[in-house]
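Asker: structure of the sequence below:
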Amino acid sequence: MRRAAGQRKVRPAGTAITAEITLHHGDDGEFGLAAVLDLELGGVDQATAEELGAAAHQLCPYSKATRGNIPVTVNATAVGW
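Answerer: Numbering: from 1, shown residues only. Below is the predicted model:
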C-alpha cells in the first residue's frame, strides 16, 4: 500500500488491512483457497482508496505469486480518521 500511495504522491492518514482466507469448493469439485482483502484508508476519497487498493494488489509480491491461482476480492473504503 505504501509503495502504491508513494507512486501517486498520496499520503493516507491511516491504513488498516484485514485479510480473510477461506477454503471454497470450486465448480470442478476441487477445494481451493479464496482471499478477501478489506482496506480502510483515512484522509483520501473513495475513488482514491479504490485506486490505491487495486494498485497495491498489482504490486504486492504475494498477489503476484497467487494471481490466477486463487480468487481475490479487494474491498477498499475511505474512512474519516
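
Asker: tell me where the longest helix sits in the chain.
Answerer: For the chain, the helix with the greatest residue count under DSSP state H is helix 46-59.

Asker: for the record, mean pLDDT for the helix or strand just after it?
Answerer: Later in the chain than helix 46-59, the nearest helix or strand by DSSP states H and E is helix 61-66. Over the span of helix 61-66, the pLDDT mean works out to 90.

Asker: give me the helices and strands touching the longest helix of the chain, please.
Answerer: Secondary structure elements in contact with helix 46-59, counted by 3 or more CB pairs under 8 Å, 6 or more residues apart in numbering; DSSP states H and E, are helix 2-7, strand 31-42, strand 72-79. For the C-beta atoms, the positions are set from N, CA and C on the backbone; glycine is no exception.

Asker: mind listing what residue 48 touches?
Answerer: Residues in contact with residue 48, defined by CB atoms under 8 Å, 6 or more residues apart in numbering, are 8, 10, 41, 78.

Asker: can you give me the distance of the first one to residue 16?
Answerer: I take that to be residue 8. 19 Å (CB to CB, to the nearest Å).

Asker: this completes my enquiry, with thanks.
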